[in-house]
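>>> I'd like to go over a predicted model; first the sequence, then the structure.
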There are 2 protein chains.
Amino acid sequence: MTTLDLTGDVVDLTQTICDIPSVSGDEKALADAVENALRAYPHLEVLRDGDAVVARTSFGRDTRVVIAGHLDTVPVKDNLPVVVDGDVMRGRGTVDMKAGVAVALHLAATLTDPRYDLTFVFYDHEEVAAKLNGLGRLVRNHPEWLTGDFAILGEPSDGTVEGGCQGTMRVKITVPGVAAHSARSWRGSNAIHSAGAVLDVLRAYQPRQPIVDGLQYHEGLNAVKIEGGIAGNVIPDLCTVYVNHRFAPDRGVAEAEAHLREVFAGFEVEVVDAAPGARPGLDRPAAAEFVALVGREPQAKLGWTDVSRFAGLGVPAVNFGPGSPLMAHTDDEFVPIPEIRQALKVLKAWLTV
Amino acid sequence: MTTLDLTGDVVDLTQTICDIPSVSGDEKALADAVENALRAYPHLEVLRDGDAVVARTSFGRDTRVVIAGHLDTVPVKDNLPVVVDGDVMRGRGTVDMKAGVAVALHLAATLTDPRYDLTFVFYDHEEVAAKLNGLGRLVRNHPEWLTGDFAILGEPSDGTVEGGCQGTMRVKITVPGVAAHSARSWRGSNAIHSAGAVLDVLRAYQPRQPIVDGLQYHEGLNAVKIEGGIAGNVIPDLCTVYVNHRFAPDRGVAEAEAHLREVFAGFEVEVVDAAPGARPGLDRPAAAEFVALVGREPQAKLGWTDVSRFAGLGVPAVNFGPGSPLMAHTDDEFVPIPEIRQALKVLKAWLTV
């Protein structure tokens, strides 16, 4: 097992953990190394569930901050071991998100007298199907491990604070018709033509851009799939339109569903799946101080992320980590080294008495 | 080999040839019986290609009439041997179209001094893929066997004359977009939404109902397939709409294509397949006399049929045969016996000096 030096240079630590491959499903070697390293620190209680490792302090502070990151990466594409190239570190996992994990590990080891009680969460299976997600498993198995007043996910965010996330809902809209031979089309009713009315609604829709807890969100309503048709000479009796709605975190899943049923009144609407958004929670004192220290305008997170899992436990959460999210999953993934040091610096300043 | 009595009762002949199974691909036994029976008549020249049999007179008349019918049937469904039940004959092939074939065989054998020269065509593989069609094969291999001034296909037509047929064209309309994550849909361009403009055109389209050679046709323009979408969280960059156009026989394939390119101006339109229609040709003297003898208002044929293959050779063609086309291919297929006798009577009257 690789021994991790958590108190040394955070860039060296980033490189070391990047070079332990941990594609989703193969996180064990890295999880073992992380658990083993954290157990060396008596101020931390270390817990484990599968390949998720949790370490937490118990100083009796009034406020508890959760710092979380996933250990897994998307598949390696000839981009390991990582390469340090001037001011950047290149390779799989550098930006998504072992730099963020290294920052958290360093904080866990070195903050022996923090301003708030701290919980560090390192989890598996973030890059694959949601049902496998290690943070989701912890929510189901050990929600008490995740309690806190504010959570930071170390996903790359260009060094700014990305607050909350939008919710997402997919609905299936079924448009019926009456089949007929296309040589006598007037004897039938063309379901694809009728689905034009659904596309009319989508084309005319004006998405909201509400401000929630000080951040501006941007909703969306989009067809993501359409299918219809039986044969080249038959008037189709069915057309199905799948619509994805992204909704700001001032609305819950039930409100989003009611909204869609109103927008598509008269059509058969079935909810296929849905996930709630998360309010950014930047009005909480600890969060406001953190944002002030980062010194840059916080941004609304539009995509759905694991911060929503914390929101489901009543813990407001944000993304804050080194590197650009646009580099995630690319073959030439990299992280700017100064951003690793800057993230560590900001978090350390915030969390130190 | 079953010996066919072509000069006896046409209803008995219908029953005899129905009871020789001849599902598409298995027409040989029936084709052999037909060829053998026709060779007994010295006024007929008998030709064969595969399981298609052609018999023709050479009396030196000014006008030649072609009478054609297919020998094959759709698969048997416990409906052979046929049953005579009062005024109807029930079973596979009765209406589609061995009653029509029996009428033609009887005419071939008995019209030893006809008003016009006659060509009788009995062919295989009508009920399967167009490329296997026996009449199409004769057009390719021996177009001279099929020449004439007017053709009658003995398909069931409720005893009326169904004239010509409409053409058919399928086009693929490709609507592009720009992919983006559905959480940031405004960075992309939704191809499914854009395809709404194609459906607008289809919904607003007013099909022509032109009168051609005295018969009223009814065109159509219909989406028969639509597909688009990449994943549940991606703005689709492509939506494809397949449109089937049925056009009256006053327009050719090139005109139909030009029309569609005008209707869908601004969209990428690709012709997938097309088949020309056929003018009814009821203005020709022989045809007009025939229609007068039938004594019922002729109807436009809207679907595409093998009459178009004759039209391609410059031979106007109509459908005229006993029984209802709605009974074709049904498990309880039947033909009304009086309609067999009536079809024979009308044709015999028309073709006898």
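Yep, it's here.
>>> which residues in the stretch 151-300 of chain A form strands?
A:162-163, A:167-176, A:180-181, A:211-212, A:215-216, A:220-228, A:234-235, A:238-247, A:268-275, A:299-300 (DSSP state E, counting those that start in this stretch).
>>> Nearest to chain B, out of these?
strand A:220-228 (3.0 Å; Cβ to the nearest Cβ). Yep, even glycine has a C-beta here, placed from its N, CA and C like the rest.
>>> State the pLDDT value of the residue nearest to the spatial centre of chain A.
Nearest residue to the geometric centre of chain A (Cα atoms, centre = their mean): A:T305, 2.0 Å. Note on A:T305: pLDDT of 84.
>>> Any idea what A:R246 is bridged to?
Beta bridges link A:R246 to A:T168, A:G220, judged by DSSP bridges.
>>> ok, so what distance separates it from B:A191?
18 Å (Cβ to Cβ, to the nearest Å).
>>> quick one: which of these two has more around it?
It is A:R246, of A:R246 and B:A191, that has more neighbours when counted by other Cβ atoms under 10 Å in any protein chain shown, with 27 against 24.
>>> what sits against the more buried one?
A:R246 makes contact with A:166-168, A:219-221, A:302, B:182-183, B:185, according to Cβ atoms under 8 Å, 6 or more residues apart in numbering or on different chains.
>>> So among those, where is pLDDT lowest?
Ranking the contacts of A:R246 by pLDDT, A:L302 lands last with 83.
>>> Give the buried subset of the contacts of A:R246 as a ChimeraX selection command.
Selection command for ChimeraX covering only the buried members of these, criterion 16 or more other Cβ atoms under 10 Å in any protein chain shown:
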select /A:166,167,168,219,220,221,302 /B:182,183,185
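>>> For the contacts of A:R246, work out which two are farthest apart.
A:G167 and B:S185 (14.6 Å; Cβ to Cβ).
>>> List the single closest residue to the residue nearest to the centre of chain A in space, sequence neighbours excluded.
A:C165 (4.9 Å; Cβ to Cβ, 6 or more residues apart in numbering or on different chains).
>>> looking at it, that neighbour is touching A:R309, isn't it?
No: counting by Cβ atoms under 8 Å, A:R309 is not a contact partner of A:C165; they are 10.1 Å apart.
>>> between the two, who's got more neighbours?
The residue with more neighbours, out of A:C165 and A:R309, is A:C165; 31 against 24, by other Cβ under 10 Å.
>>> so how far is stretch A:309-329 from its chain's centroid?
The chain centre lies 5 Å from the centre of stretch A:309-329; the measure is Cα atoms, centre = their mean, to the nearest Å.
>>> What strands line up against the helix-or-strand element of chain A with minimal mean pLDDT, and which way round?
Lowest by mean pLDDT, DSSP states H and E among the helices and strands of chain A is strand A:180-181, with a mean of 86. Partners of strand A:180-181 in the sheet, by DSSP bridges, are strand A:234-235 (antiparallel).
>>> Contacts for the partner strand, please.
A:177-182, A:185, A:188-190, B:222, B:224.
>>> let's see it at 7 Å
A:177, A:179-182, A:185, A:188, A:190, B:222, B:224 (Cβ atoms under 7 Å, 6 or more residues apart in numbering or on different chains).
>>> any weak-confidence spans in chain A?
Residues of chain A meeting the criterion pLDDT under 70: none.
>>> can you rerun that using 80?
A:353 (pLDDT under 80).
>>> how's it carved up into domains?
Using automatic domain parsing, the domain parsing of chain A gives A:10-164+A:278-351, A:167-275.
>>> can I get these in a markdown table with distance to B:E45?
As requested, these are arranged in a markdown table below (distance: least, Cβ to Cβ, whole Å):
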| stretch | distance to B:E45 |
| --- | --- |
| domain A:10-164+A:278-351 | 73 |
| domain A:167-275 | 37 |
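>>> Of those domains, give the one that comes closest to B:L313.
Comparing these by Cβ to Cβ, domain A:167-275 comes nearest, at 22.4 Å.
>>> how distant is the closest one from the center of its chain?
That offset, for domain A:167-275, works out to 26 Å (Cα atoms, centre = their mean).
>>> Quick check: end-to-end length of that domain?
6 Å (Cα to Cα, to the nearest Å).
>>> Which positions in the stretch 201-350 of chain A make contact with chain B?
A:202-203, A:220, A:222-229, A:232-236, A:239, A:242, A:244, A:246, A:302-304 (Cβ under 7 Å from any Cβ of the partner chain).
>>> Buried among the residues you listed? Need that as a selection in ChimeraX.
Selecting only the buried entries of those in ChimeraX, with 16+ other Cβ under 10 Å as the criterion:
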select /A:202,203,220,222,223,224,225,226,227,228,229,233,234,235,236,239,242,244,246,302,303,304
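>>> got the contact list for the residue nearest to the centre of chain A?
Listed by Cβ under 7 Å, 6+ apart, the contact partners of A:T305 are A:153, A:155, A:165, A:319.
>>> got a list of what the third one touches?
Okay, so that is A:C165. Counting by Cβ under 7 Å, 6+ apart, A:C165 has contacts A:249, A:277-278, A:301, A:303-305, A:307-308.
>>> Quick check: beta-bridge partners of A:D49?
What pairs with A:D49, by the bridge criterion (DSSP bridges), is A:A52.
>>> Then A:R90?
A:V83, A:F334.
>>> Can you report how many residues lie near it?
17.
>>> can you list the residues of the stretch 51-200 of chain A near chain B?
A:166, A:170, A:181-185, A:190, A:192-193, A:195-196, A:199-200.
>>> Would you list the buried entries among the residues you listed?
Judged by 16+ other Cβ under 10 Å, buried ones among those: A:166, A:170, A:181-183, A:185, A:190, A:192-193, A:195-196, A:199.
>>> Can you tell me which of those end up in helices?
Those of those mapping onto helices are A:192-193, A:195-196, A:199, per DSSP state H.
>>> would you turn these into JSON lines with distance to A:L80?
Shown next, in JSON lines, are those (distance: Cβ to Cβ, whole Å):
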{"residue": "A:I192", "distance to A:L80": "48"}
{"residue": "A:H193", "distance to A:L80": "53"}
{"residue": "A:A195", "distance to A:L80": "47"}
{"residue": "A:G196", "distance to A:L80": "50"}
{"residue": "A:L199", "distance to A:L80": "46"}
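>>> Right, I'll leave it there.
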